[in-house]
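# fold the following for me, if possible:
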Amino acid sequence: MERMYAFTDEYGAFGYDLDNPDVSTHFIITAVIVKESELLAYEEGAEAIRKKYYQTGEIKSSKLGPDKHDRRMKILTEIASLPMHLLAVCIDKRGCMDNMNMQGWKHKANFYKFMNNIVHRELRQAFSKLTIVADEMGTSDYMVSFCKYVNAKQDQANLFGEADFQFAESKHDVRIQIADFISGTLARVYDEHKKSEHASQYLAVLKKNISRIEIYPKSYKNYVISESPLAEDYDEDIAKLCFSRAVTYIENNQQNDDPIIKVQVVVLKYLLFRFMNNDTRGYIYTNELIHHLEHTSVNGMSEQAFRTKIIGKLRDKGVIIASSTKGYKIPSKTSELRDFIKHDAKIVFPMLSRLRKCRDLVRLSTVNALDLLDDTEFSELKGYFDSLPDYDNTEVE
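Have a look, this model is predicted:
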């Protein structure tokens, strides 16, 4: 299989003052994908474009203002003729704000780490032989983060298969400059402060080159599990069921004024956010979820109250939430449901055994005059115990 090269650059920066026209509403990372056999043709073609339109300068999208549509279209048309394909990740920062505190995205380092995880995950899943080429000069906060990230990962070959990393100075590397121009052009499509009336034309020109543009965070309506680039190890029927149950609960209860239900919706939205957008789909620790509730009306909720009033009540309403010693998550595979059953079985069965022993001892000592489960409120529990076969009186620790 032929090695592929991914030349990366970005548009936008960290910041959530989104009403400020100088702050981008989106963060866009573009990877220009080129086959090794076409690398020279790509570079020569890019250099010809640079000389034609920028003479001795760099190819930069920012040099073309909104009134330079015709010039942008000419450059874009020539770029589209190069032997390359595009993969772009477009982060809508407005959609991140509801979950920003829980994910730690109010901190720049965490925000950029999330971007890096997504881009590398996307590329690694798409190509088994891949070299990523990034700007080593660190001309932006994000690129500094990117370089640190890939440097930390370079020696971990087992994580990346045959992947490799190279660094180049974008000022003198026209291959990366093409990624800059495309990222800036995509900003004219997606960013609210940059959006152009010609956005559809830009996408039309690049249509044959676009392998995928991934928009994050995902919305409930446009999320398709089987098409998710992050969905690699999942059971489709289980994932669809658990996803739909959670979405239905949110849709039915997000206008409810009950403070506990409001918190249930907040927690469930975050569990779904991680399900749809997180690269590992890992369990979320209980204290992480509780910490976020400091921003709600139930600040200071204990772990026990959280389990019973939030997680327990959601499960009572038919929302499927897996749990383990690592925390909680919306399940995406059968093994996670089994983890949940194992976890709770270790708690439930000893408790039931102790209840049964207590009942039987009292009945024995009173010659059946007193059955602790005769109250109507215990009728279901009594029916369960009465349906069980006889057992020995082995002590329960």
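# tell me which helix or strand of the chain sits lowest on mean pLDDT?
Sorted by mean pLDDT, DSSP states H and E, the helices and strands of the chain end with helix 157-160, the least confident at a mean of 44.
# starting at the chain centroid, how far to the very next helix or strand once past that one?
Using DSSP states H and E, the helix or strand that follows helix 157-160 in sequence is strand 164-168. Remark: strand 164-168 is offset 26 Å from the chain centroid, using C-alpha atoms, centre = their mean, to the nearest Å.
# buried set for strand 164-168?
In terms of neighbour count (16 or more other C-beta atoms under 10 Å), strand 164-168 has its buried residues at 164, 165, 167. Just so you know, the C-beta spots here come from the backbone N, C-alpha and C atoms, and that holds for glycine as well.
# what about residue 379, distance to residue 357?
Remark: distance between residue 379 and residue 357 (C-beta to C-beta, to the nearest Å) = 20 Å.
# if you count what's nearby, which of the two comes out ahead?
More crowded of residue 379 and residue 357, by other C-beta atoms under 10 Å: residue 357, with 15 against 11.
# any idea which element that one lies in?
With DSSP H and E as the test, residue 357 turns up in helix 334-365.
# got the buried residues for that helix?
The neighbour-count check on helix 334-365 (16+ other C-beta under 10 Å) flags 336, 337, 339, 340, 355, 356, 359 as buried.
# out of the residues you listed, who's nearest residue 75?
residue 336 (48.4 Å; C-beta to C-beta).
# the closest residue to the closest one other than its chain neighbours: neighbour count?
Nearest residue to residue 336, sequence neighbours excluded (C-beta to C-beta, 6 or more residues apart in numbering): residue 322, at 4.4 Å. Neighbours of residue 322 under the rule other C-beta under 10 Å: 24.
# how about residue 322: which residues does it bridge to?
residue 329 (DSSP bridges).
# which two in the buried residues of helix 334-365 are spaced the farthest apart?
336 and 359 (34.5 Å).
# what about the helices in the stretch 101-250 of the chain?
Assigned by DSSP state H, counting those that start in this stretch, the stretch 101-250 of the chain shows helices spanning 108-126, 141-153, 157-160, 174-190, 199-206, 236-253.
# so how far is the longest one from its chain's centroid?
Read that as helix 108-126. For helix 108-126, the distance to the chain centre is 10 Å (C-alpha atoms, centre = their mean).
# quick one: it to strand 164-168, angle?
Using axes from the mean of the first three to the mean of the last three C-alpha atoms, to 10 degrees, one finds that helix 108-126 and strand 164-168 are set 120 degrees apart in direction.
# make CSV out of the buried residues of strand 164-168 and add pLDDT and distance to residue 272.
Output for the buried residues of strand 164-168, formatted as CSV (pLDDT from 0 to 100; distance: C-beta to C-beta, whole Å):
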residue, pLDDT, distance to residue 272
164, 76, 35
165, 75, 33
167, 74, 37
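# burial count for the residue nearest to residue 374 when sequence neighbours are not counted?
Nearest non-adjacent residue to residue 374, counting by C-beta to C-beta, 6+ apart: residue 382, 7.3 Å away. When neighbours are defined as other C-beta under 10 Å, residue 382 has 16 of them.
# swap in residue 66?
There are 12 residues near residue 66, going by other C-beta under 10 Å.
# how about residue 145?
With other C-beta under 10 Å as criterion, residue 145 counts 19.
# where does the closest residue to residue 363 other than its chain neighbours land in three-state SS?
Setting aside the residues directly before and after it, residue 363 is nearest to residue 371 in space (C-beta to C-beta, 6+ apart), at 5.7 Å. Following DSSP: H, G, I helix; E, B strand; the rest coil, we place residue 371 in the coil state.
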